[in-house]
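Undergrad: Okay, predicted coordinates and the sequence, questions at the end:
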Amino acid sequence: MKKIGFACKYVDSTKTGFENVKELNMGATTVAWLGRQSKQVAEKKLWEIAMQNLTATSNLIRKVGTLDEHLRMVRIGSDVIPMYTHDLYRSFWQEPSRIKIIEQNLSKIGQYAKDSNIRLSFHPGQFVCIASDRDDVITRSLEELEYHADMARFMGFGQSKLDFKINVHVSGRRGIAGFDAAWQRMSPELRNCLTLENDEYQQGLDELLALKDKVGIVLDIHHHFIKTGEYIKASDPRIQGVLESWQGVRPTFHYSQSKSELIPRTGMTTMETLLESTSKSKLRAHSDFYTNKDINRWALTHLEWGNMMAESKAKNLASFELFDQFKEEFM
DNA sequence: AAGCGTCAAGGCATG
DNA sequence: CATGCCTTGACGCTT
């Protein structure tokens, strides 16, 4: 089943743009704010946010379950259980009675996703740097990854290769070798779920392919364009390596577009031409919507071999538009 | 309601 | 050296 997914948030269109649908989106707090409260108030707040987030996640998954089956793919935000790995609040969250309630909620969400053929994923934040040259950063990065693996396990995933995706960049000066060392310290569930995504500057597709026997490779076709200037083709031989890395599971690839004011409304402009009027770093930023339909047409050809995670500011609204174009031109 | 300062955490490129 | 960019701008406080 060819799928087009969206990330973390569900929005509605308004006259000025779009805004979050309250009951489908998570809340948050900060360590600083919690630190200004009494212990009781801080813990009450943490618990309330977690429960609100579990409800919001459940609502979001059920909403996705009502969509066309081609649109049943969504990334869950990382802040379901806030401060789960933070030194000050770790023991609060490790309390078995609390874990039990979290697990009960998440297992229902996971079961619903399985029954509804919804593909789920996480994308831990930029502070996860498993190839850092600082050992403490590696340790905290692994803790953060294991948090995501816990949540996946509570949902009933992590039991077979890539039944759930936890996607990160290699990130850090130790590079591929650093990743190999960190791999030795990961739980079986995390290893089952972990995918690595090519980035714009350091670890590109060619570098990641060296790891294809360990982890699923998530090809971000926009990052690949930023790094190499190439609109990679679905027929490119390296796609075979990506497919192998997923070991029989249908892969996910990522698609985003540069901000619409930086690229032409139509046509596939070369990197060389784009750089006459802008810079690579500006081209990295994501657009609200996918306005250039010629670039979209190229991106949609990749659905031949994988599912598309649409990364854009307009979230579900943008992925719905891509699906409309897909139906018009490919179905 | 709207504006503003703040927020746990890294790494990189650019200017 | 400061800023912008990435999983995502939202929360909390003040006016």
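TA: Cool, got the structure. Numbering: from 1, shown residues only, chains lettered A, B, ... in the order given.
Undergrad: what's around A:K15, how many residues?
TA: The number of residues packed near A:K15 is 4, by other C-beta atoms under 10 Å. Every C-beta, even on glycine, is put in place using the N, C-alpha and C of the backbone.
Undergrad: For it, pull up the helix or strand it's in.
TA: Taking DSSP states H and E as the definition, A:K15 sits outside all helices and strands.
Undergrad: State the distance from it to A:Y112.
TA: A:K15 sits 34 Å away from A:Y112, taking C-beta to C-beta, to the nearest Å as the criterion.
Undergrad: same check, this time on A:Y255
TA: Taking C-beta to C-beta, one finds A:Y255 at 26 Å from A:Y112.
Undergrad: Also A:A314?
TA: As judged by C-beta to C-beta, A:A314 and A:Y112 stand 26 Å apart.
Undergrad: Looking at the two now, which is surrounded by more residues?
TA: It is A:A314, of A:A314 and A:Y112, that has more neighbours when counted by other C-beta under 10 Å, with 21 against 16.
Undergrad: which one is A:Y231 nearest to, not counting chain neighbours?
TA: Excluding the flanking residues, the one nearest A:Y231 by C-beta to C-beta, 6 or more residues apart in numbering is A:W298, at 5.6 Å.
Undergrad: From DNA strand B, how far off is that neighbour?
TA: Taking C-beta to the nearest atom of the strand, to the nearest Å as the measure, A:W298 falls 24 Å from DNA strand B.
Undergrad: Same check on A:G175?
TA: Distance of A:G175 to DNA strand B, given as C-beta to the nearest atom of the strand: 8 Å.
Undergrad: ok, now which ones touch that residue?
TA: Residues near A:G175 by C-beta atoms under 8 Å, 6 or more residues apart in numbering: A:131, A:202-203, A:207.
Undergrad: Quick check, pLDDT for A:M151.
TA: Reported pLDDT at A:M151 in the predicted model: 96.
Undergrad: at contact distance from DNA strand B, anything in the helix or strand where it lies?
TA: For A:M151, the element it lies in under DSSP H and E is helix A:135-154. Yes: against DNA strand B, helix A:135-154 shows contacts by C-beta under 7 Å from any atom of the strand at A:137, A:140, A:144.
Undergrad: Out of those residues, which is nearest to A:G229?
TA: Ranked by distance to A:G229 (C-beta to C-beta), the residues of helix A:135-154 next to DNA strand B are led by A:V137 at 31.5 Å.
Undergrad: Ignoring the adjacent residues along the chain, who's closest to that closest one?
TA: Leaving aside its chain neighbours, A:V137 sits nearest to A:C129 (5.5 Å; criterion: C-beta to C-beta, 6+ apart).
Undergrad: count of neighbours near the one you found?
TA: A:C129: 22 surrounding residues under other C-beta under 10 Å.
Undergrad: From A:I138, how far out is it?
TA: According to C-beta to C-beta, A:C129 stands 7 Å off from A:I138.
Undergrad: Touching both of those two, which residues are there?
TA: Common neighbours of A:C129 and A:I138, counting by C-beta under 8 Å, 6+ apart, are A:G172.
Undergrad: List the buried residues in the longest helix seen in chain A.
TA: Longest helix in chain A by number of residues (criterion: DSSP state H): helix A:39-65. Of the residues in helix A:39-65, A:42, A:45-47, A:49-50, A:53-54, A:56-61, A:64-65 count as buried by neighbour count, 16 or more other C-beta atoms under 10 Å.
Undergrad: So which elements touch that helix?
TA: Contacts defined by 3 or more C-beta pairs under 8 Å, 6 or more residues apart in numbering; DSSP states H and E place helix A:39-65 against helix A:31-35, strand A:73-76, helix A:96-115.
Undergrad: Ok, which of the ones you listed comes nearest A:A177?
TA: Of all these, strand A:73-76 comes closest under C-beta to C-beta, at 28.8 Å.
Undergrad: next SSE after the closest one?
TA: Using DSSP H and E, the helix or strand that follows strand A:73-76 towards the C-terminus is helix A:90-94.
Undergrad: Show the average pLDDT along that following helix.
TA: Helix A:90-94 comes out at a mean pLDDT of 93.
Undergrad: okay, now A:R75: neighbour count?
TA: By other C-beta under 10 Å, 21 other residues sit near A:R75.
Undergrad: in the sheet, who's paired with it?
TA: Beta bridges link A:R75 to A:A7, A:S121 when assigned by DSSP bridges.
Undergrad: Nearest residue to the middle of chain A?
TA: For chain A, the residue nearest the mean C-alpha position is A:H123 (3.5 Å; C-alpha atoms, centre = their mean).
Undergrad: right, and that one touches A:S78 too?
TA: Yes: A:H123 is within contact range of A:S78, at 7.2 Å (criterion: C-beta atoms under 8 Å).
Undergrad: follow-up on the earlier one: would the residue nearest to A:Y231 count as being in a helix?
TA: Yes: with DSSP: H, G, I helix; E, B strand; the rest coil as the criterion, A:W298 is assigned to a helix.
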